[in-house]
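Enquirer: Predicted structure and sequence below. I'll ask about it afterward.
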Amino acid sequence: MTVVLEARGITKRFGAVVASDAISLDLRAGEIHAVIGPNGAGKSTLIAQISGSLAPDAGSVQLLGEDITALPPRLRAKKGLARTFQISALAMEDTVLQNVLLGAVGAAGSPWRFWRSVGADRDLRGKAEAALERVGLLSEAHRVVATLSHGQRRQLEVAVALTLAPKAFLMDEPMAGLGTEGSQRLTAMLDGLRREAPILLVEHDMDAVFALADRISVLVYGRIIATGSVEEIRANAEVRAAYLGEEA
Ligand SMILES: Nc1ncnc2c1ncn2[C@@H]1O[C@H](COP(=O)(O)OP(=O)(O)OP(=O)(O)O)[C@@H](O)[C@H]1O
């Protein structure tokens, strides 16, 4: 199976803390690969190094075989590495459609055109509407973002990311703060999204992880102690002791 994204030997120390201890993992076409682990295990630090907001002390990141370790986040995003849910980057006073158009214009590489002519740019508008349809928000296109539910905002963030024609998604706790219904709706949406681009998913909500993940990697003290299917991870004694056990 095609490896889309690969981290090799990612290492990061903060003083005496080894937050990433030679972490290697890959993300393959069509899959959702979840990274789970207790608080402080190093999940956010790992995602930050893959997305480029934090430089590793050692190791490399490859996107479709290209070494992107030295690229800043913006250039990684341009190459198709789409990070969502980090901090909401939505413009709350603008409409749903305007937010997606802004993303589409950014992807087209000419933001200065936005306020003058974007409304007339059919190609961009078509891309924005297709992205909204994909996440189930087309009917809300003219609503102001501030009036959306948290769950709808997450859907909108995915729509903005989709305008980049992503090769891979990095998702950091998409279910955080959502109620049961919102989580279920987002889970259903992410379920289909993996066909467009594979998803590296950091998530505390184990219902969502077990429902979605093709593979799970378990991170404990900066080290991956196991990678496998949902069944393999559930049955793994070391994982149960280190992580799942404490939740039971
Ligand atoms: N900027 C920093 N400076 C110093 N230590 C840090 C820094 N960022 C993270 N750490 C430490 O690195 C370790 C991993 O933290 P990280 O936030 O990556 O874990 P996490 O698995 O994402 O945790 P959580 O599930 O609580 O979000 C922790 O011991 C944390 O205290």
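Expert: Thanks, I have it.

Enquirer: Verify the stated contact: L27 with V3.
Expert: Yes. Between L27 and V3 there is a contact at 7.3 Å, judged by CB atoms under 8 Å. Placement of C-beta: from N, CA and C, glycine included.

Enquirer: of those two, who's got more company?
Expert: L27 (26 against 14; other CB atoms under 10 Å).

Enquirer: what element comes up after the host helix or strand of that one heading to the C-terminus?
Expert: Remark: L27 resides in strand 17-28, with elements defined by DSSP states H and E. Counting by DSSP H and E, the next helix or strand C-terminal to strand 17-28 is strand 32-36.

Enquirer: Skip ahead from that following strand and say which helix or strand is next.
Expert: Sequence-wise, the next helix or strand downstream of strand 32-36 (DSSP H and E) is helix 43-51.

Enquirer: re earlier: which other helices and strands does the strand holding L27 contact?
Expert: strand 3-14, strand 32-36, helix 43-51, strand 58-63, strand 223-228 (3 or more CB pairs under 8 Å, 6 or more residues apart in numbering; DSSP states H and E).

Enquirer: for D205, what are its contacts?
Expert: Counting by CB atoms under 8 Å, 6 or more residues apart in numbering, D205 touches 175-176, 183.

Enquirer: give me the number of residues near R223?
Expert: 15.

Enquirer: isn't it right up against L25?
Expert: No. Look at R223 against L25 with CB under 8 Å: they stay out of range, at 11.4 Å.

Enquirer: Give me every residue in the chain lying close to the ligand.
Expert: Residues of the chain lying close to the ligand (CB under 6 Å from any ligand atom) are 14, 17, 19, 37, 39-45.

Enquirer: can you give me the strands for this protein?
Expert: 3-14, 17-28, 32-36, 58-63, 66-67, 81-84, 168-172, 199-202, 215-220, 223-228 (DSSP state E).

Enquirer: how does the chain divide into domains?
Expert: Residue ranges for each domain of the chain read 1-80+168-248, 89-165, as given by automatic domain parsing.

Enquirer: which of those has the lowest average pLDDT?
Expert: Per-stretch mean pLDDT for the domains of the chain is lowest at domain 89-165 (a mean of 82).

Enquirer: How far off centre is it?
Expert: 18 Å (CA atoms, centre = their mean, to the nearest Å).

Enquirer: likewise stretch 14-28?
Expert: Distance, stretch centre to chain centre, for stretch 14-28: 18 Å (CA atoms, centre = their mean).

Enquirer: cool, stretch 220-234 as well?
Expert: 19 Å.
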